[in-house]
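Student: Starting from these lines, generate the structure:
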Amino acid sequence: MTPSRTVLLTGAAGRIGTHLRTLLPAHGHRLRLLDVRPVPGEPEAITADLADPGAGGDALRKALDGADAVVHLAGIPLEAPFADILRANIEGTYRLYEAVREAGVRRVVLASSNHAVGFTPLPPAEDGRPLPVETPHRPDTLYGLSKCFGEDLASLYRDRHGIETVSLRIGACFPEPTSVRMLSVWLSPGDCARLVHAALTAEGVGHTVAYGSSANTRAWWDLSSARALGYEPRDDSEAYAAALLAGERRSPREDHELGRTFVGGEFCGAEPPRWHPD
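Tutor: Prediction:
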């Protein structure tokens, strides 16, 4: 699959969307931007709520006209009340796939999350075997549950409608890791763009689930399905390890036993990080 001529990027005003709208064009993609909030510095970006079947649906149909693929990042990125998760992450993703089907777009790159398997126990360090993508869903939050829904919805639309999706279980995408846990799950912005590019351009992906992290020395996850797409990570969190370990920069939730035991880290605690609207 050659680089897409036009890619609709939803959630373009968010943290990962901001990285990608800067970095993806260098990989040969022309971006069309959409978010529920105005995108800073992008006056032509489309402002719409995907969960709104009226105005949001009209805006989404316009945004998909002539698009070759979608990178779907839109949604609430942390735990939130179920009504909010239902509207933004579940209904919004369903309406996105319906619009994609109606528009005849054949490729979606879906932002899933490691929190879809957050209550999976971490293997002992001496085991040395990374967690496979076949790991069953074990969400750690309502947010994680919404990502399970997204992966299963992608599978349904592949089998029923032939729409191909790469569901990326993204770790922590920041310019640099900021905690000890992130040494294992960090995804640099540059590697994020390389991963999304590979997911957009690989042939015959069907519905592929892939973990999204850099080539971290302390990585927990099996990146074989991501590498099979053509992803070649270049960054490693180990460059930051000495400083983080010396400072033991952990949040109180990370020091909780659950946070040190399960893939989802602090999301498995009694009070996971919560989303607050601006």
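Student: where exactly do the strands run in the stretch 101-250 of the chain?
Tutor: 107-113, 164-170, 172-173, 186-187, 207-212 (DSSP state E, counting those that start in this stretch).
Student: Please work out which residues outside the second one touch it.
Tutor: In this case it means strand 164-170. 16, 106-114, 116-117, 133, 147, 150-151, 154-155, 157-158, 187, 192, 195-196, 199, 202, 204-212, 221, 226, 229 (C-beta atoms under 8 Å, 6 or more residues apart in numbering). Placement of C-beta: from N, CA and C, glycine included.
Student: returning to what we had before: okay, the strands of the stretch 101-250 of the chain in a markdown table with mean neighbour count and mean pLDDT next?
Tutor: Below are those laid out as a markdown table (neighbours: other C-beta atoms under 10 Å; pLDDT from 0 to 100):
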| stretch | mean neighbour count | mean pLDDT |
| --- | --- | --- |
| strand 107-113 | 26 | 98 |
| strand 164-170 | 26 | 98 |
| strand 172-173 | 21 | 97 |
| strand 186-187 | 27 | 98 |
| strand 207-212 | 24 | 98 |
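Student: how close does the residue located most distally from the centre of the chain sit to Gly57?
Tutor: The centre of the chain is farthest from one residue, Ala246, which by C-alpha atoms, centre = their mean lies 30.0 Å away. Counting by C-beta to C-beta, to the nearest Å, the gap from Ala246 to Gly57 is 52 Å.
Student: Over to Asp84?
Tutor: Asp84 is 20 Å from Gly57, by C-beta to C-beta.
Student: Buried residues in stretch 14-30, which are they?
Tutor: Gly14, Ile16, Gly17, Thr18, His19, Leu20, Arg21, Leu23, Leu24, His27, His29 (16 or more other C-beta atoms under 10 Å).
Student: Just the CA trace of that stretch, in PDB.
Tutor: Taking Å, rounded to 0.1, in the frame of the first residue of the first chain, the C-alpha atoms of stretch 14-30 are listed here in PDB:
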ATOM      1  CA  GLY A  14      -4.700  16.200  21.600                       C
ATOM      2  CA  ARG A  15      -1.200  15.400  22.800                       C
ATOM      3  CA  ILE A  16      -0.500  12.500  20.300                       C
ATOM      4  CA  GLY A  17      -2.500  14.300  17.600                       C
ATOM      5  CA  THR A  18      -0.200  17.300  18.000                       C
ATOM      6  CA  HIS A  19       2.900  15.200  17.600                       C
ATOM      7  CA  LEU A  20       1.400  13.400  14.500                       C
ATOM      8  CA  ARG A  21       0.200  16.500  12.700                       C
ATOM      9  CA  THR A  22       3.800  17.800  12.900                       C
ATOM     10  CA  LEU A  23       5.600  14.500  12.000                       C
ATOM     11  CA  LEU A  24       3.400  12.500   9.700                       C
ATOM     12  CA  PRO A  25       3.600  14.800   6.700                       C
ATOM     13  CA  ALA A  26       7.300  14.000   6.400                       C
ATOM     14  CA  HIS A  27       6.300  10.400   5.700                       C
ATOM     15  CA  GLY A  28       4.300  11.400   2.700                       C
ATOM     16  CA  HIS A  29       0.800  11.900   4.100                       C
ATOM     17  CA  ARG A  30      -1.400  14.900   3.600                       C
END
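Student: neighbouring contacts of that stretch?
Tutor: For stretch 14-30, the external contacting residues (C-beta under 8 Å, 6+ apart) are 3-7, 9-12, 31, 33, 35, 39, 42, 71, 73-74, 77, 111, 170, 173-174, 189-190, 192-194, 196-197, 200.
Student: what about the closest residue to Ala48 other than its chain neighbours, which helix or strand?
Tutor: Nearest in space to Ala48, with sequence neighbours left out and distances taken as C-beta to C-beta, 6 or more residues apart in numbering, is Ala59 at 3.4 Å. Element membership of Ala59 [criterion: DSSP states H and E] is helix 55-64.
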